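Peer 1: The sequence and its predicted three-dimensional model are supplied below.
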Amino acid sequence: MADPAPVLVLLGGAGDLSMRMLLPSLLHLEMDGLLPEGLRVIAVGRAEGDAASYRKDVKAHIKEKAGEAWDRLSARLDYLSTDAGKPEGAEALKDRIGEAGLIVIYYALSPSLFAPVTKALSEAGLIGENTRLVLEKPIGRDLESSRQTNAVIAEAAEERQVFRIDHYLGKETVQNLIALRFANALFEPLWNNLAIDHVQITVAETQEVGDRWRYYDEYGAIRDMLQNHMLQLLCLVAMEPPSDLEADAVRNEKVKVLRSLRPFTPEAAEKDSVRGQYVAGMADGHPAASYEAEVGRPSGTETFVALTAWIDNWRWKGVPFFLRTGKRMAERRTEIVIQFKAVPHSIFGPYGDRDIQANRLVIELQPHEDISLTIMNKRPGLNGEHMRLQPLPLSLSLAKALGEEGGRRRIAYERLLLDVMRGDPTLFVRRDEVEEAWRFVDGVAEAWAQAGVQPKPYPAGSWGPAGASGLIERSGRAWND
Ligand code: BG6
């Protein structure tokens, strides 16, 4: 007899993440025929409704009205109106699931619900051998609460059943970082403090916090972005070569980087970090409201953070990592800049000395996918008495280079949803990684609290508070703006 069909349960099935990311991802997978045969999707939410009203809602949210694929996906969708954190809710879900092979339970919920929901599901006997739990970031609000949540989860399920999502790891360009570093012999000998001057990681968003403020106001930029996406990018840039791509081989190397992060101190807080919050300004040519106007009351939460991180190990001794992220910034741009050191001695005379710039590798992840390396060249022509120089980019636009073959740009969640269903944890975050990342972020929060660092205002549509330039310029360097 064939195995019973798999079930994907979306807790928070009517919420923002499900509507904006998870269901469109499922539709794309459906279009490509990649969803497991017979898969049922049960969305769970507290709002009233049934399968028919839910399908209508989802259809209204999804941009691509892909005829046949939508019909197929729609036929898989079911809706259960209940509170899965209550015993009767968990029982109702169990009944609705009925007989199933694999059960994937996706927590598209506020992190504060992870523990109570897990307890209720476990008591209802819903977490068995064939259950996988998918947890959205952030797990907890600090190290202590994340440990408590992870402990409740560890009582209910084994670590192999727990898939902690950081959707940045599902992005094609983020995985490409691993290919760039470890499939080219060119970079690795230079990937250290002998050749690299500093690293910049920028995740700038133009979007406002908007109606997510209830969640965001409690977390802020350090918990929403730094603790997870930014530190994951830092790990992939800084980690030692893993022995292979097996999940734990990669995760062991990432955790070593996190453990080497120098703890933040109150003395470093003023010098090495900038906290900001947007005030009214202009975004995309239109007047934009302040963060506090969105929240509707005064708030001490940061919507921007820039800081200098140091990795205390042999490879990175003395190389600052400048990190910054913010909402309502001048541009949407996610990039990693590897700034190499200057030539040790210039032979080009006074003009050449002025012209010459150190090589810079820019890995742009969003909105364009581009890798470019600036190389110094001779300026064409006779140049008078002295040779003149200019930097030119050696550029690999992935869209241009791969053309059709590059294919449609996928939503990061597509890859991750498939990996969960296949049971491949490589692109998911292990418990110790989450906890080490919290250790660093707690240090930043504590240093700010002790040093009394408050968010500095920056106009919506700018590159953050003035201090963000000062942070990097004090060391004689500049952001790649
Ligand atoms: C989420 C954060 O994890 O990532 C959001 O909670 C943020 O605040 C988003 O906007 C950014 O993701 P992306 O893929 O648009 O860069």
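Peer 2: Great, that's in hand.
Peer 1: helices or strands next to the lengthiest helix in the chain in the packing?
Peer 2: Using DSSP state H to define each element, the chain has its longest helix at helix 431-451. Contact partners of helix 431-451 among helices and strands, from 3 or more Cβ pairs under 8 Å, 6 or more residues apart in numbering; DSSP states H and E: helix 143-156, strand 162-165, helix 231-238, helix 247-260, helix 266-272, strand 273-279, strand 304-309. (C-beta placed from N, C-alpha, C; glycine too.)
Peer 1: Can I get the third one as CSV, trimmed to CA atoms?
Peer 2: Taking only C-alpha atoms (Å, rounded to 0.1, in the frame of the first residue of the first chain), the coordinates of helix 231-238 have been written out as CSV:
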residue,chain,number,x,y,z
LEU,A,231,25.4,37.4,11.2
GLN,A,232,24.7,34.5,8.8
LEU,A,233,26.2,36.5,6.0
LEU,A,234,29.2,37.4,8.2
CYS,A,235,29.6,33.6,8.9
LEU,A,236,29.6,32.7,5.3
VAL,A,237,32.2,35.3,4.5
ALA,A,238,34.4,34.5,7.5
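Peer 1: wait, does it contact the ligand?
Peer 2: No. Helix 231-238 does not reach the ligand (Cβ under 6 Å from any ligand atom); its nearest approach is 10.8 Å.
Peer 1: Name the residues of that helix that are buried.
Peer 2: By 16 or more other Cβ atoms under 10 Å, the buried positions in helix 231-238 come out as 231-238.
Peer 1: what about the residue of the stretch 1-150 of the chain found nearest the ligand, how many residues close to it?
Peer 2: The ligand sits closest to residue 137 of the stretch 1-150 of the chain, with a gap of 6.3 Å, by Cβ to the nearest ligand atom. By other Cβ atoms under 10 Å, 21 other residues sit near residue 137.
Peer 1: can you check residue 384 too?
Peer 2: A count of nearby residues for residue 384, using other Cβ under 10 Å, gives 8.
Peer 1: same check, this time on residue 109
Peer 2: For residue 109, the tally of surrounding residues (other Cβ under 10 Å) stands at 20.
Peer 1: Residue numbering should commence at 36 henceforth.
Peer 2: With 36 as the first residue, the last one maps to residue 144.
Peer 1: my guess is it meets residue 45, correct?
Peer 2: No. Taking contacts as Cβ atoms under 8 Å, residue 144 lies outside contact range of residue 45: 9.8 Å.
Peer 1: Now residue 368. Its backbone dihedrals?
Peer 2: Main-chain torsions, residue 368, degrees, to the nearest 10: phi -150, psi 130.
Peer 1: Leaving out the residues flanking it, which one is nearest to it?
Peer 2: residue 239 (4.8 Å; Cβ to Cβ, 6 or more residues apart in numbering).
Peer 1: Tell me the spacing between that neighbour and residue 262.
Peer 2: 18 Å (Cβ to Cβ, to the nearest Å).
Peer 1: between the two, which one's more packed in?
Peer 2: When residue 239 and residue 262 are compared for neighbours, residue 262 comes out ahead with 28 against 21, by other Cβ under 10 Å.
Peer 1: Pretty sure residue 156 sits in a helix.
Peer 2: Yes. When DSSP: H, G, I helix; E, B strand; the rest coil is applied, residue 156 is found to be in a helix.
Peer 1: if I pick it, what's in contact with it?
Peer 2: Residue 156 sits next to 119, 125, 128, 140, 162, 191 when contact means Cβ atoms under 8 Å, 6 or more residues apart in numbering.
Peer 1: Then residue 235?
Peer 2: 356-359, 370-372, 374, 507, 514-515.
Peer 1: Then residue 428?
Peer 2: 407-410.
Peer 1: I'd like the contacts of residue 235 written out as TSV, with secondary structure and neighbour count added.
Peer 2: Compiled in TSV, these are given as follows (DSSP: H, G, I helix; E, B strand; the rest coil; neighbours: other Cβ atoms under 10 Å):
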residue	secondary structure	neighbour count
356	strand	21
357	strand	24
358	strand	22
359	strand	27
370	strand	19
371	strand	25
372	strand	17
374	strand	23
507	helix	20
514	coil	17
515	coil	16
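Peer 1: And the residues you listed, which is closest to residue 335?
Peer 2: Residue 335 lies nearest to residue 359 out of those, by Cβ to Cβ, at 19.6 Å.
Peer 1: Run through the stretch 236-385 of the chain and note the low-pLDDT ranges.
Peer 2: Applying pLDDT under 70 to the stretch 236-385 of the chain flags no residue at all.
Peer 1: tell me the secondary structure for the closest residue to the ligand within it?
Peer 2: With Cβ to the nearest ligand atom, the shortest gap between the stretch 236-385 of the chain and the ligand falls at residue 259, namely 4.8 Å. Three-state assignment for residue 259 (three-state DSSP): helix.
Peer 1: Helix or strand: which one has the nearest residue to it once chain neighbours are set aside?
Peer 2: Ranked by Cβ to Cβ, 6+ apart and with sequence neighbours excluded, the top spatial neighbour of residue 259 is residue 251, at 6.3 Å. Using DSSP states H and E, residue 251 falls within helix 248-256.
Peer 1: Check which helices and strands that helix sits against.
Peer 2: Under the contact definition 3+ Cβ pairs under 8 Å, 6+ apart, helix 248-256 sits against helix 326-330, strand 339-344.
Peer 1: Out of these, which is the most enclosed?
Peer 2: strand 339-344 (a mean of 25; mean count of other Cβ atoms under 10 Å).
Peer 1: and that strand, how far out from the chain's middle?
Peer 2: Offset of strand 339-344 from its chain centre (Cα atoms, centre = their mean, to the nearest Å): 16 Å.
Peer 1: How about stretch 299-312?
Peer 2: Distance, centroid of stretch 299-312 to centroid of chain: 22 Å (Cα atoms, centre = their mean).
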